[in-house]
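Participant: next input, structure requested:
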Amino acid sequence: MKKRIFLSIILAAVMVSAMLAGCSSGGSAAPKEEPAATEAEDTVEKTGTADEENTGLANPWTDVGSSEEAAKGAGISSFVIAEDPVIDLGENFERTYRCMDGIAEARLEYPASALTVRKGTNAEDGDISGDYTEYAETWTQDVDGIEVTCFGNWEGDASKSIWNVDGMYYSIVAEGLGGDDDFGLNAERLTEMVRCIH
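Facilitator: Numbers count the residues shown, from 1 in each chain. As a prediction, this is how the structure comes out:
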């Protein structure tokens with residue numbers, strides 16, 4: 001009986017000294033944590049790599065400083081929008097340009113709306129807008145002999161307009177800022193915009 005007690009005391013002492021030695025040297029817990037951290041880092045790296053592969057398409061657009069640069073970058077002869085179209089949307093406080101092969105684009109921002117205007121040669125089924133929204137209404141409007149196809153949720157308010165002249169394709173996408181999903185250009189505004197884009 002005394003031998004068993006003595007052995008138990010020795011075994012307990014050895015275990016306590018081993019635990020104390022582990023605590024003073026950083027312990028065996030640190031190596032166990034390290035592989036877990038490494039696995040987590042591997043997961044982040046793998047996820048990052050997968051995301052890069054999924055979104056790794058090169059952006060075809062180039063931001064430029066003027067309509068002339070947009071036309072040149074698109075490879076078209078000209079891209080002109082009147083400086084101050086008479087369309088009663090308020091002050092045009094920002095105008096930005098960009099281009100890609102075959103398409104020049106301008107974005108005109110007003111206090112409560114924005115217009116994205118495009119001109120170019122790369123049109124899918126005659127539509128150069130890049131807007132694939134399904135609108136409730138489709139109609140045509142004649143502007144000085146040009147047939148403009150209009151799309152919108154209310155006939156007479158064109159959220160998207162497309163047309164072509166002499167092998168060049170044009171589009172205007174009108175959007176309300178601040179949540180107005182049904183914003184569109186009425187017939188007068190659309191006529192003025194079509195007249196001022198060349």
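Participant: just give me the neighbour total for the residue lying closest to residue 86 once chain neighbours are set aside.
Facilitator: Nearest residue to residue 86, sequence neighbours excluded (Cβ to Cβ, 6 or more residues apart in numbering): residue 192, at 5.5 Å. Where C-beta positions appear, they are placed from N, C-alpha and C, glycine not excepted. Using other Cβ atoms under 10 Å, residue 192 has 16 neighbouring residues.
Participant: where's residue 192, which helix or strand?
Facilitator: Per DSSP states H and E: residue 192 is located in helix 187-195.
Participant: the residue lying closest to residue 65 once chain neighbours are set aside: which element?
Facilitator: Of all residues not flanking residue 65 in the chain, residue 97 sits nearest, at 6.8 Å (Cβ to Cβ, 6+ apart). Take DSSP H and E as the rule and residue 97 turns out to sit in strand 94-100.
Participant: mind giving me the packing neighbours of the helix or strand that comes right after that strand?
Facilitator: Downstream of strand 94-100, the next assigned helix or strand under DSSP H and E is strand 103-109. Counting contacts by 3 or more Cβ pairs under 8 Å, 6 or more residues apart in numbering; DSSP states H and E, strand 103-109 is packed against helix 67-74, strand 94-100, strand 113-120.
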